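> Dropping the sequence and predicted coords here.
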Amino acid sequence: MDKNKSRLVALERKQKYGQDYAETFYPVAKMTTFRTILAVAAMQDWYVFQMDVTNAFLHGDLYEDVYMKLPQGYTGIGSRIKLNDDDDCVVPQKVVCKLKKSMYGLKQAPRQWFAKLLETLFRFSYNRSKSDYSLFTKTNGQEITLILLYVDDLMICSTNQTEIATLKEMLSKSFHMKYLGELSYFLGLEVFRSSSGFFVSQRKYALDLLNEHQMVDVKPVQLPMESNLKLTTDKGELLPSPTPYQRLLGRLIYMSITRPNISFIVQPLSQFMHQPMSVHMQAAKRLLRYIAGTVNQGILLASTSAATLTAYCDSDWTGCPISRRSTSDYCIFLGKSPVSWKAKKQSVVARSSAEYRAMALTSCEVTWLTYLLKDLGLSSLPPAVLKCDNQVALYCC
């Protein structure tokens, strides 16, 4: 525990859609955007810092009329009425608070905070990226400054350190900011910078996960899953409660942000969260044994990379024994740096075009990355290279 914190929070479950809230929105940046920015920053030798907004949701302005009960310890104000000509008495009335500003607990609080920050950044001549609405850019000739927002955490990159100091001063005038120095720990990701580039890992996160399941000193395995393993719903015994399995898989999904080598096994394991069996938990525990032996692994976003996109894609034809659907997999590199990867089950049963569907999915991601890199100042990219090992799919292109 870092510190104790007391805060008045509204009960969002009492809110009704259309009455005291409408649209909701969380400013959450994509992790692919985060990795791509760090890869470009390593290549271009940018300055990278981070800042945090203290009590971010309290800065928003409310558009709706929101009423809240008095907090504990406050009493209602009574009104004096006259019962007859000789006497009067105090009759207590129910008193509520009408909120003038946003606060924690309201469904629209993240949206209002983002609107306030958006107004401030527009006033400072920043533009919002159309590739990722949590990314803001400002260019001045050859100089560029980027702001990546994840709720109330800001990652700031720039070619000019003076521009970062100016931005810090301007933001501090509008919000209560906390300057955290050079980027080192962002959303549970440990970032270490050297002459080779940025090394991003989740070592502490992995150790906490192993400690939670008492698997720190287990004998590690060499592979994250058994060969030719097919998970189904008709083997093993039903777990008494799905909550431990759901919690474990949620943390493994987050760990795949820096571990592309576990994405393929996490994808089928996450399909059984509603009704996990004992064999599914055994496969998840085996994955933890693999993580125990590779706890220091991460990704290196190299500083010597070239500004070229290279994508690798593959598919396991009818890999799911339940639905007979295939799984599309891809991994995209910016030079030597891995920036995007995914393992996803296809939406339909493919009789002969599973590899082609994987190429189509990869092409969509490459197209999006191209637009994102243009916002980062890399507008003259060479054509991206898409690699696939299936000749039929290649001839279909």
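Nice, I can see it.
> Now for residue 2, how many residues are close by?
4 (other C-beta atoms under 10 Å). To be clear about C-beta, it is placed using only N, CA and C from the backbone, and glycine gets the same treatment.
> Equivalent analysis for residue 286, please.
Residues near residue 286, counting by other C-beta under 10 Å, number 17.
> and if you look at residue 394?
14.
> nearest spatial neighbour of residue 389, skipping sequence neighbours?
residue 314 (6.8 Å; C-beta to C-beta, 6 or more residues apart in numbering).
> Point to the helix or strand of the protein where mean pLDDT is at its lowest.
When each helix and strand of the chain is scored by mean pLDDT, DSSP states H and E, strand 78-82 comes last, with a mean of 47.
> and residue 358, how many residues sit next to it?
That count, for residue 358 with other C-beta under 10 Å as the rule, works out to 25.
> now the one 10 residues further on
Counted by other C-beta under 10 Å, the residues lying close to residue 368 total 16.
> Need the nearest residue in space to it, chain neighbours excluded.
Residue 368 sits nearest to residue 131 (C-beta to C-beta, 6+ apart), 6.4 Å away.
> try residue 385
That would be residue 310: by C-beta to C-beta, 6+ apart, it lies 4.8 Å from residue 385.
> doesn't residue 333 make contact with the one you found?
Yes - look at residue 310 against residue 333 with C-beta atoms under 8 Å: they come within range, at 4.8 Å.
> So between these two, which is more surrounded?
residue 333 (19 against 16).
> wait, doesn't the more buried one sit right on residue 339?
Yes - using C-beta under 8 Å, residue 333 is in contact with residue 339, at 6.9 Å.
> Which residues are in contact with each of the two?
When contacts are counted by C-beta atoms under 8 Å, 6 or more residues apart in numbering, residue 333 and residue 339 have no shared neighbour.
> What ranges does the protein have for its helices?
31-44, 109-123, 161-174, 203-212, 243-255, 263-269, 278-293, 354-375, 391-396 (DSSP state H).
> how about the longest one: buried residues?
The one in question is helix 354-375. Going by neighbour count (16 or more other C-beta atoms under 10 Å), the buried part of helix 354-375 is 354-359, 361-363, 365-366, 368-370, 372-373, 375.
> Equivalent analysis for the third one, please.
Neighbour counts using 16+ other C-beta under 10 Å place 163, 164, 167, 171, 174 of helix 161-174 among the buried residues.
> Columns pLDDT on top of those residues, output as a markdown table?
Listed next are the buried residues of helix 161-174 as a markdown table, based on pLDDT from 0 to 100:
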| residue | pLDDT |
| --- | --- |
| 163 | 89 |
| 164 | 90 |
| 167 | 91 |
| 171 | 91 |
| 174 | 89 |
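> which of the residues you listed lies closest to residue 143?
Among the buried residues of helix 161-174, residue 163 lies closest to residue 143 (C-beta to C-beta), at 6.7 Å.
> so who does that closest one touch?
Residues near residue 163 by C-beta under 8 Å, 6+ apart: 138, 140, 143, 145.
> on that earlier part again, so which of the buried residues of helix 161-174 would you say is closest to residue 154?
residue 171 (8.1 Å).
> surely that closest one meets residue 116?
No - Residue 171 is not in contact with residue 116 according to C-beta under 8 Å; the separation is 11.6 Å.
> Mind listing the shared neighbours of these two?
Counting by C-beta under 8 Å, 6+ apart, nothing touches both residue 171 and residue 116.
> Could you count how many residues lie near residue 188?
For residue 188, the neighbour count with other C-beta under 10 Å is 13.
> For the nearest residue to residue 150 once chain neighbours are set aside, grab the count of nearby residues.
In space, and not counting its chain neighbours, residue 150 is closest to residue 29: 4.9 Å by C-beta to C-beta, 6+ apart. Using other C-beta under 10 Å, the number of residues around residue 29 comes to 20.
> One more: residue 264?
Other residues near residue 264 number 19, with proximity taken as other C-beta under 10 Å.
> and the closest residue to it other than its chain neighbours, what does it touch?
Leaving out its chain neighbours, the residue that sits closest to residue 264 by C-beta to C-beta, 6+ apart is residue 343, at 4.7 Å. Applying C-beta under 8 Å, 6+ apart to residue 343 gives the contacts 263, 264, 266, 267, 327, 328, 329.
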